[in-house]
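J.: Quick one: sequence and predicted model below, then my questions.
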Amino acid sequence: MAEYDESRLTVVDHPLVQHKLSILRDKSTSTKDFRELVTELAVLEGYEAMRDLPLYEVEIETPLEKTTAKKIAGKKLAIIPILRAGLGMVDGLLTLVPSARVGHVGMYRHRETHEPVQYYCKFPDDIDQRICLIVDPMLATGGSLTAAIQFLREAGVQDIRALAIVASPEGVKATLDFDPDVRLFTCVVDRELNDSAYILPGLGDAGDRIYGTK
Ligand code: PRP
Ligand code: URA
């Protein structure tokens, strides 16, 4: 049984999330519906992951009177999808923060070793000034996510939040053990990994299901 620091893990288990996740898991769900559900879950999860963004007060005038109100302050955001499947979460998050920048990390898991193989990395120039949301629907061994975290730390990023949709206990532990400050959000922590490092019960291969490649 994997043990980890639960204070840095948020399981977003709102009934709407659980309902959508059940449809996502179902092998009979179409590619189109799967893609739309990933977008919707990213919105619901992003809402939680940005709950503590700092605010500042502004003076405004409503049609009735002057008042003070709040707006999001200071630090800007970057969304960092891990290709391919992470791309499926980007549009949902951009509906919440349309001015966020998007950086990309391209990785795939080696068929036999399950280790991540990197093929692309491009971040905004001022990445070190931004709160970074790494997005990838699946957190299995944690190899891909920990590699992405390392790239961002090497680029000087301080506030990293990782958003998965389905995580394994092994992946959660590997991520939280790897980085003492990263915060992790997921819709569920599933039972375990199988011998091929797929999450059980899981939802299969997220990239293939988003893009209809199998
Ligand atoms: C999947 C998934 C994650 C990774 C998770 O990508 O989208 O990136 O595996 O596994 P890990 O935690 O063991 O690293 P995959 O390698 O299948 O690439 P794809 O998104 O291009 O299909
Ligand atoms: N990647 C996926 O897409 N699904 C898994 O279950 C594990 C890794």
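T.: Looks like it came in fine. Ligands and ions are numbered 1, 2, ... in the order given.
J.: Report the separation between the closest residue to L53 other than its chain neighbours and V97.
T.: Of all residues not flanking L53 in the chain, I72 sits nearest, at 5.3 Å (CB to CB, 6 or more residues apart in numbering). For the C-beta atoms, the positions are set from N, CA and C on the backbone; glycine is no exception. Using CB to CB, to the nearest Å, I72 is found at 8 Å from V97.
J.: which of those two has more neighbours?
T.: V97 (18 against 13; other CB atoms under 10 Å).
J.: on that earlier part again, which residues are in contact with each of I72 and V97?
T.: Overlap of the contact sets of I72 and V97 (by CB atoms under 8 Å, 6 or more residues apart in numbering) is empty.
J.: Check whether stretch 105-112 comes near ligand 2.
T.: No - applying CB under 6 Å from any ligand atom, one finds stretch 105-112 separated from ligand 2 by no less than 6.6 Å.
J.: hmm, who's touching that stretch?
T.: 80-83, 86, 115-121, 134, 140-141, 143-144, 147-148, 151, 197.
J.: give me the low-pLDDT residue ranges for this protein?
T.: Residues of the chain meeting the criterion pLDDT under 70: 1, 74.
J.: Output the residue of this protein whose distance to ligand 1 is smallest.
T.: Across the chain, the shortest distance to ligand 1 (CB to the nearest ligand atom) belongs to G207, at 2.5 Å.
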